[in-house]
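Trainee: 3D, please:
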Amino acid sequence: MIGTENCDARVRGPADVERFARRCFRGSPDPSGPADPPDPPASPTSSPSHGSSGSSGGRVGVELEFLVFDRAEPSRQVTVARIVDALPPLTRGSALTFEPGGQLELSGPAAPLARAVRDMTADLETARRALADDGLLLAGIGLDPIRPPLRQLRQPRYEAMADLLGVPYGPMMMCLSASIQVNVDFGDRPHVRWHRANALGPVLNAAFANSPLSGGRPCGWMSGRQAVWLHLDPTRTRPVTSDGDPAAAWARYLVDARLMLLREKGTRRPPTPSRATFGDWMRSPHLGGHPPTLRDLTYHATTVFPPVRPRGWLEIRYLDALPVRWWPVCVAVTCALLLDDRAADAALAAAGPLADRWWHAAHVGLGDERVRRAADACFRAATGALPRLGAEPWLVTDVESYADRHVTPGRSPAVDALTRSRGPGAGPLAWLSEEVAA
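Mentor: Numbering: from 1, shown residues only. So this is what the prediction gives:
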């Protein structure tokens, strides 16, 4: 997470939180930070890149989550231990971690776009082949369509998260969801990229919506995964609203968010009362057994999950998992619209009026003509920008193919998933993804 000069310094009020929040937009990682943040991301700031607010420069990190299924018995839960035993070392630098329900996550090292995609493609293929040899398959879909939630990881963080978020949406998010996360360098104009990432969110979520099924039936949403997030604790999952100063808005968000875990004698425990916020803790230090410190604030910031989160880099968190063929398109389009000024201006002109339509976009995907037109403009802008960002020709071609298949006709990938599930004699494998069904 973001660095602090003294992690044990007391956080006395909103001004201290705002100083911390401003560091989140400057990108100064701290090796002396907390010992227990979850799943270190593929951080672009691990190798800072400056002057990247235009079409040149800018590192990205790619994180891919997949649901893992037993090909012979898709309704069966696959244990983390079985997945670990089947996986070989990855040679292109990707880290392997797991979400609470056993979803597999690959986090690639920060790199320019072309190399980030190339390295992740190689590592993913290595993992996919090894799992296939053990009878397992990776499904690139945002929400498990057939299995109930079953949590495998029992760390205190996940115990507290389950208690705080409640049912049914807490277990669904923790155990059944899978996403693509794109991490992007802030460049030398952090507020500009922050605005782009948030304003384009609903349209990009709709363009890549791929989670229409849950519990063996349609869930009523094109992005059921995003719907799950929208129904969770709003103090930690709603978008960060800004009136022009994103760091100040992020500070207010952290103050108003409910506490998930408190540090106590080397361990962490849920807060009492359970609805206490970080602001409550600052006002009443006895809530945590000690006054809140910068170490506590740093950890608290890892327990909130807005669609876009600043961690010294931009975390784009609103994208559904996609089949192996299509995830590079999602990464390429997102990066192009954030890193390239010309593409961003064109995309914002089209998608900006829909910047607050998170619920609607997740519900209808590209089925709304306004959303479809905005997505079409975004893809055209991204296609023009990708060569300027050094993307390889095959990736530009894939972006064009995706647009022809999904964006131009107004068919989010979720529509294909629904069509497969309704096909004559469609079995469970057909519900998972086009590649699995084939």
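
Trainee: Determine the three-state secondary structure at the residue positioned nearest the centre of the chain.
Mentor: In the chain, the centroid-proximal residue (C-alpha atoms, centre = their mean) is residue 317; its distance is 2.6 Å. With DSSP: H, G, I helix; E, B strand; the rest coil as the basis, residue 317 sits in strand.

Trainee: In contact with it, which residues are there?
Mentor: Counting by C-beta atoms under 8 Å, 6 or more residues apart in numbering, residue 317 touches 179, 181, 305-309. In short, each C-beta sits where N, CA and C put it, glycine included.

Trainee: how about 6 Å then?
Mentor: 181, 307 (C-beta atoms under 6 Å, 6 or more residues apart in numbering).

Trainee: Could you measure from it over to residue 254?
Mentor: Residue 317 is 16 Å from residue 254, where distance means C-beta to C-beta, to the nearest Å.

Trainee: Beyond the helix or strand harbouring residue 228, next helix or strand please.
Mentor: Using DSSP states H and E, the element containing residue 228 is helix 224-230. Note on helix 224-230: by DSSP H and E, the next helix or strand toward the C-terminus is helix 234-237.

Trainee: which helices and strands sit right next to the very next helix or strand once past that following helix?
Mentor: Downstream of helix 234-237, the next assigned helix or strand under DSSP H and E is helix 246-256. Judged by 3 or more C-beta pairs under 6 Å, 6 or more residues apart in numbering; DSSP states H and E, helix 246-256 is in contact with helix 14-24, helix 278-283.

Trainee: What residues of helix 246-256 count as buried?
Mentor: Neighbour counts using 16 or more other C-beta atoms under 10 Å place 246-256 of helix 246-256 among the buried residues.

Trainee: What of stretch 168-183?
Mentor: 169-183.

Trainee: ok, now stretch 7-23?
Mentor: By 16+ other C-beta under 10 Å, the buried positions in stretch 7-23 come out as 7, 11, 14, 16-18, 20-23.

Trainee: And these, which two are furthest apart?
Mentor: Largest separation among the buried residues of stretch 7-23 by C-beta to C-beta: 7 and 14, giving 19.2 Å.

Trainee: Any regions of the stretch 251-400 of the chain where pLDDT drops low?
Mentor: Applying pLDDT under 70 to the stretch 251-400 of the chain picks out residues 264-270, 272-273.

Trainee: Going by residue numbers, what spans are helices in it?
Mentor: For the stretch 251-400 of the chain, helices defined by DSSP state H, counting those that start in this stretch occupy the ranges 278-283, 294-301, 327-339, 341-351, 358-364, 369-385, 393-402.

Trainee: most tightly surrounded among these?
Mentor: Highest mean neighbour count among the helices of the stretch 251-400 of the chain (mean count of other C-beta atoms under 10 Å): helix 327-339, with a mean of 27.

Trainee: Report the distance from that one to the chain centre.
Mentor: On the basis of C-alpha atoms, centre = their mean, to the nearest Å, helix 327-339 sits 13 Å off its chain's mean C-alpha point.

Trainee: packing partners for that helix?
Mentor: strand 60-70, strand 179-184, helix 190-199, helix 341-351, helix 369-385, helix 393-402.

Trainee: could you check the angle helix 369-385 makes with it?
Mentor: Angle of helix 327-339 versus helix 369-385, following axes from the mean of the first three to the mean of the last three C-alpha atoms, to 10 degrees, is 80 degrees.

Trainee: Next, the angle from helix 327-339 to strand 60-70.
Mentor: Using the same axes, to 10 degrees: helix 327-339 against strand 60-70 is 150 degrees.

Trainee: For helix 327-339, which outside residues touch it?
Mentor: With C-beta under 6 Å, 6+ apart, helix 327-339 has contacts from 58, 60, 62, 64, 113, 117, 180, 182, 184, 193, 196-197, 200, 208, 316, 319, 322, 343-344, 347, 382, 385-386, 391, 395, 398-399, 402.

Trainee: picking that back up, distance to residue 216 added to the helices of the stretch 251-400 of the chain, as TSV?
Mentor: Converted to TSV, the helices of the stretch 251-400 of the chain look like this (distance: least, C-beta to C-beta, whole Å):
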stretch	distance to residue 216
helix 278-283	40
helix 294-301	37
helix 327-339	25
helix 341-351	34
helix 358-364	20
helix 369-385	28
helix 393-402	28
